[in-house]
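Student: Just need the structure, nothing else, for what follows:
(2 chains)
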Amino acid sequence: GENVEQHPSTLSVQEGDSAVIKCTYSDSASNYFPWYKQELGKRPQLIIDIRSNVGEKKDQRIAVTLNKTAKHFSLHITETQPEDSAVYFCAAVPSNYQLIWGAGTKLIIKP
Amino acid sequence: NAGVMQNPRHLVRRRGQEARLRCSPMKGHSHVYWYRQLPEEGLKFMVYLQKENIIDESGMPKERFSAEFPKEGPSILRIQQVVRGDSAAYFCASSPTQGDTGELFFGEGSRLTVL
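Tutor: You can find the predicted model right below:
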């Protein structure tokens, strides 16, 4: 079955710098890759997603890239701000319905 | 649209008691998913339901745990004879269609503490 690995587990960056979180997946049939942000004590919320027919998608300071050949996708956050501090989860959806989640990355923005 | 509603938000139970967690999906959504999250860990899939049907319960322990999504009313996750290891946040999510076609919308979670 599908397996998603996410790195790093913790990422600390200076405010204003960029942050990159990487995920790899194993099932080449996976076709949908969402990213969720979970603030402390809150629910996960979708921040951006990408489908397998697209290589890159951008929404203001957030972008996601997908390399189908290498089976990896990345989240890029530019000009980081304190409110970006949270845990970020990647996920992949193989041929069935079930999201397979990465273990999460705790992003810390240092002032 | 009120979003995915979960209750109770916090539940305290003693070992051996039963816990019932409820989830009302977003209006128009017929797919419900339950996830468990331990502190400092990721989301673990438990069960996927549609109205009156359990589609996949592969992530749910065979004993003590059960889930339902009746024709009328909320989805319910039931944990019998709770143990301390059941302490976690339980998140419900819903979608209008299967998860591979769009976003999952999460509720605020129910935090179970077993004393």
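Student: Any regions of chain B where pLDDT drops low?
Tutor: Counting by pLDDT under 70, chain B shows low-confidence ranges at B:1, B:97-102.
Student: ok, and the closest non-adjacent residue to the spatially most central residue of chain B?
Tutor: By Cα atoms, centre = their mean, the mean C-alpha position of chain B lies nearest to residue B:34, the distance being 3.5 Å. In this structure, residue B:34 finds its nearest non-sequential neighbour in residue B:46, 4.4 Å apart by Cβ to Cβ, 6 or more residues apart in numbering or on different chains. All C-beta atoms are positioned from the backbone trio N, CA, C, and that covers glycine.
Student: Contacts only, for that neighbour.
Tutor: Residues in contact with residue B:46 (Cβ atoms under 8 Å, 6 or more residues apart in numbering or on different chains) are B:33-36, B:57, B:59-60, B:65, B:67, B:77, B:90.
Student: So which of those is the closest to residue A:31?
Tutor: residue B:33 (18.2 Å; Cβ to Cβ).
Student: which residues does the nearest residue to the closest one once chain neighbours are set aside bridge with?
Tutor: Sequence neighbours aside, residue B:93 is the residue nearest to residue B:33 in space, at 4.6 Å (criterion: Cβ to Cβ, 6+ apart). Beta-bridge partners recorded for residue B:93 (DSSP bridges): residue B:33, residue B:106.
Student: Report how many residues lie close to residue B:93.
Tutor: 27 (other Cβ atoms under 10 Å in any protein chain shown).
Student: Equivalent analysis for residue B:95, please.
Tutor: There are 23 residues near residue B:95, going by other Cβ under 10 Å.
Student: wait, isn't it in contact with residue B:105?
Tutor: Yes: Residue B:95 is within contact range of residue B:105, at 6.9 Å (criterion: Cβ atoms under 8 Å).
Student: residues in contact with the residue nearest to residue B:33?
Tutor: B:4, B:32-35, B:104-107.
Student: where does chain A have low pLDDT?
Tutor: For chain A (pLDDT under 70), the answer is A:95-97.
Student: Can you name the residues of it that neighbour chain B?
Tutor: Residues of chain A lying close to chain B by Cβ under 8 Å from any Cβ of the partner chain are A:31-32, A:34, A:42-46, A:49, A:89, A:93, A:95-99, A:101-104.
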